[in-house]
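Undergrad: Dropping a prediction and its sequence here:
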Amino acid sequence: MASCPHVFTTSLNLPSPHTKIYKEECTQCFDSQDLPSGVDVCLSCFNAGCPDSQRRHAQLHNLKTGHPLVLNIKRLVKYKPKRLDDNNEPPQKISKLAIIPESNEDKYEYITQIKCYACGGAEIDRTAGDLPVVIDSVMTSLSAAKKSEIQAWEDEIFACDHTRNLEQQPSNQLETQVLAHCNDCDLKENLWLCLVCGNLGCGRQQYGGIGGNGHGLDHFEKTKHSVSCKLGTITPEGTADIYCYSCNEERLDPHLGQHLANFGIMVESQQKTEKSMIELQLEQNLKFDFSMVSEDGKKFEPLYGPGYTGLKNIGNSCYMASVLQSLFSLDAFQQRYYPNALEHHANCREDAGNCLDCQLSKMADGLLSGRYSSPIESLETQHVEYNGQEGIAPSMFKALIGKGHEEFSTMRQQDAFEFFQHLISTIERKEHFDPRNDPTWIFKFSTQQRLQCMECKRVRYSQNVESCISIPVPARKAQNQEKKEGNQDQYETLTFEQCLESFGADSMIEYKCPFCNRRTPALTNTRFVTFPQVLVIHMRRFEHENWVPRKINAPVLIPEGTINFDQYLGHGKQDREELLPEEKPTEISQPNINEIILNQLINMGFPEIRCKKALIATGNNGVEIAMNWLIEHIEDPDIDAPLTATTTGVPDASEADIAVLTEMGFSRGHVKKALEKTNNDAERAVDWLFNHSEDLIEENPNNNLADHPPKFGDGSLPANYEIISVISHKGTSVHCGHYVAHIRKEGKWVLFNDNKVNPFLKWRPTVLDCNN
């Protein structure tokens, strides 16, 4: 084997515990170490590139960086038939599903070789210089994907004030677990022990048919005892499922052993007999089947080829998969990220794992090329009930798009609509230098808000730029209903048109009229000024009980064919109408609060003081943003404290924030105005700058976009739309369940259920529990 002089002239690095090592798949496409050619891992910076002769990502990396030496890794599955006399030790006990790595040495065989691209990609002697120790370090280190996954799980569950400061009642010896049952019914599983008083109550119905009547929640509502422990999940190591009803989240109890001992339960003698909530949720997500058979009982055949590639569920990632499948079915996203992928990879100077364009181009290539959409061919296929495709794992994309985000960086189930908003906002910020490259503009349009005082009859008009509309589901409980399993309410079936009517309906609010100079009733409504190329509609299928969102499982039927929106076009001020006078400037201690949005939030069940704080914090930027703020800050200890000068006052913007935003290409004057409008929140200031770009262009005619100002949507009629994609949610709660996407392709409906891609022959897919 040839010796290579570059071994001694190249800087070879040993990875530290914090180093990202990309070794499972190429950072610019989904070619992995499981393919015959394997992946090439750079031994200088640990980037992974494919050696494919067409895409040449490994060679491109060498040309851009000058790093010549790579470790080529191929992985082969070992076939190991089960033996009846297999007496191996049981696997390590897991506390969280998919966290503790499997023994890869037992499952896989690895073939490695060293190549030098400066020598034409030739294989070289792997024993030269420092190569042996570097090879061993790369092979034994966790990959970047696995590190991100573990970090996400570790950050997910933590202690709260209720678990840290738990005050228990006097000790109470319980029955043995075999005899224990719910105090209010006969259930003997899914039991939750109140760590304050020792009450045993059954939980809510869970995944996989686990029964529950919610008596544990009833106990909390009566006593306000917040913290409960799920019997059956207690381990000798002192871990268990802990739920805080006040936080409405799973939590850690740092003193669990002490708290359980108060009821005669010694953790060292316990054995885990039930699956944890995380295990149940992930197991159900990975097994979910959404109508995989036709009405006559025949199983749908999987679909393969370009545009029919599935996405692996990497742990509660179905919300992301459904949104990505829907977005990349649109021509604007395909044209932006697919044809130019190779050109961008060749010219990009950023780390591919941290470059949004690289990862979106990689996703487009993975979903649209068809290279990864083929039947599973492995020794394990015979043990898989569903012989579909392997799909691609969006691990690298998830780590990037969720980086620094309080929710999307975790492995928890998330709301698909909130992820859609986060993703398009991130893309929009990335493309602000040249908005003509921004594919999210297909969602943009303008709306008109009309307010009329019912005493003086004067009106006020305002306009906003939006990227979606959010409409309520006017659910009505079915009469003479029979309770379903889990005591879920049943609702009458609604049509999409009924939901849409609520969007355009007038609503009555209380308003301080500047002409009447007192609080008066006022009529408000919202209309379109322009219509987007692609209209995104969010169906608000939840209501609030004790300020906690609860899903409404009301079926909504989507119409076939054209949906006309002409009646929802606004016409602006009419000749006979008189305008309300401009409102007087408010004092600094009393910031401007949009009363229309304030009343909408109050009508949704939120307390007025919380709504005002949400609008101040989010700069009156809409109901959805304020509502998300309310849910995120529901645990703030001062959430119900009165407004003070500290709360409402707006200090001067920091020079650091101004510098960051001006470096993004915005003028200093516009940046200061945006920070002033958003209470000096730099992240929201960026959103404000984009949402008010037309106003800024008018203020600054020398702006380089002044000659070609952006136009959001089209106001011409008829405004006809057809449904092309539906993201549906299956489950009883907004915090759990499973998402799928139904997408119309080539005139036919296709069901994307993680890595399963099947034809969907029945029309009206939203007879399911549709969320978006």
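TA: Nice, thanks for sending it over.
Undergrad: Going by C-alpha atoms from here, please, whenever you check contacts or count neighbours.
TA: Fine.
Undergrad: Strands along the stretch 601-750 of the chain, start to end?
TA: Counting by DSSP state E, counting those that start in this stretch, residue ranges of the strands within the stretch 601-750 of the chain are 720-721, 725-730, 738-745, 748-753.
Undergrad: now the angle between strand 725-730 and the last one, please.
TA: With axes from the mean of the first three to the mean of the last three Cα atoms, to 10 degrees as the criterion, the two stretches strand 748-753 and strand 725-730 enclose an angle of 40 degrees.
Undergrad: The third one too?
TA: If you take the same axes, to 10 degrees, strand 738-745 sits at 160 degrees to strand 725-730.
Undergrad: And Gln113, which helix or strand is it part of?
TA: When secondary structure is defined by DSSP states H and E, Gln113 falls within strand 108-116.
Undergrad: which residues does Gln463 contact?
TA: Counting by Cα atoms under 8 Å, 6 or more residues apart in numbering, Gln463 makes contact with Ser446, Thr447, Gln448, Gln449.
Undergrad: Likewise for Leu191?
TA: Contact partners of Leu191, counting by Cα under 8 Å, 6+ apart, are His181, Cys182, Leu200, Gly201, Cys202, Gly203, Gly216, Lys230, Leu231.
Undergrad: What of Thr239?
TA: Thr239 makes contact with Thr233, Leu256 under the criterion Cα under 8 Å, 6+ apart.
Undergrad: What's the separation between it and Ser269?
TA: In this structure, Thr239 and Ser269 are separated by 12 Å, where distance is defined by Cα to Cα, to the nearest Å.
Undergrad: for Pro559, same thing?
TA: Pro559 is 58 Å from Ser269, where distance means Cα to Cα.
Undergrad: higher neighbour count, these two?
TA: More crowded of Pro559 and Ser269, by other Cα atoms under 10 Å: Pro559, with 15 against 10.
Undergrad: Hmm, the more buried one is touching Tyr721, no?
TA: No - under the criterion of Cα atoms under 8 Å, Pro559 is not in contact with Tyr721, lying 11.0 Å apart.
Undergrad: which other residues reach the longest strand anywhere in the chain?
TA: Scanning the chain for the longest strand, with DSSP state E as the assignment, gives strand 518-528. Among residues not part of strand 518-528, those counted as contacts by Cα under 8 Å, 6+ apart are 445-455, 503-513, 568-570, 596.
Undergrad: Averaging pLDDT per element, find the lowest-scoring helix or strand in this protein.
TA: Taking mean pLDDT, DSSP states H and E as the measure, the helix or strand of the chain with the lowest value is helix 645-648, at a mean of 47.
Undergrad: who are the neighbours in contact with Ala145?
TA: For Ala145, the set of contacting residues under the criterion of Cα under 8 Å, 6+ apart consists of Tyr22, Glu24, Ser395, Met396, Ala399.
Undergrad: Then the last one would be within a helix, right?
TA: Yes - the assignment for Ala399, made by DSSP: H, G, I helix; E, B strand; the rest coil, places it in a helix.
Undergrad: close enough to count as contact, it and Ala144?
TA: No - applying Cα under 8 Å as the test, Ala399 and Ala144 come out as separate, 9.3 Å apart.
Undergrad: how about Leu50, what does it touch?
TA: Let me fix one detail, which is that residue 50 is Cys and not Leu. The neighbourhood of Cys50, defined by Cα under 8 Å, 6+ apart, consists of Glu25, Cys26, Cys29, Asp31, Ser32, Ser37, Gly38, Val39, Asp40, Arg56, His57, Ala58.
Undergrad: rerun that using 10 Å as the cut-off
TA: By Cα atoms under 10 Å, 6 or more residues apart in numbering, the residues touching Cys50 are 25-33, 35, 37-41, 56-61, 72.
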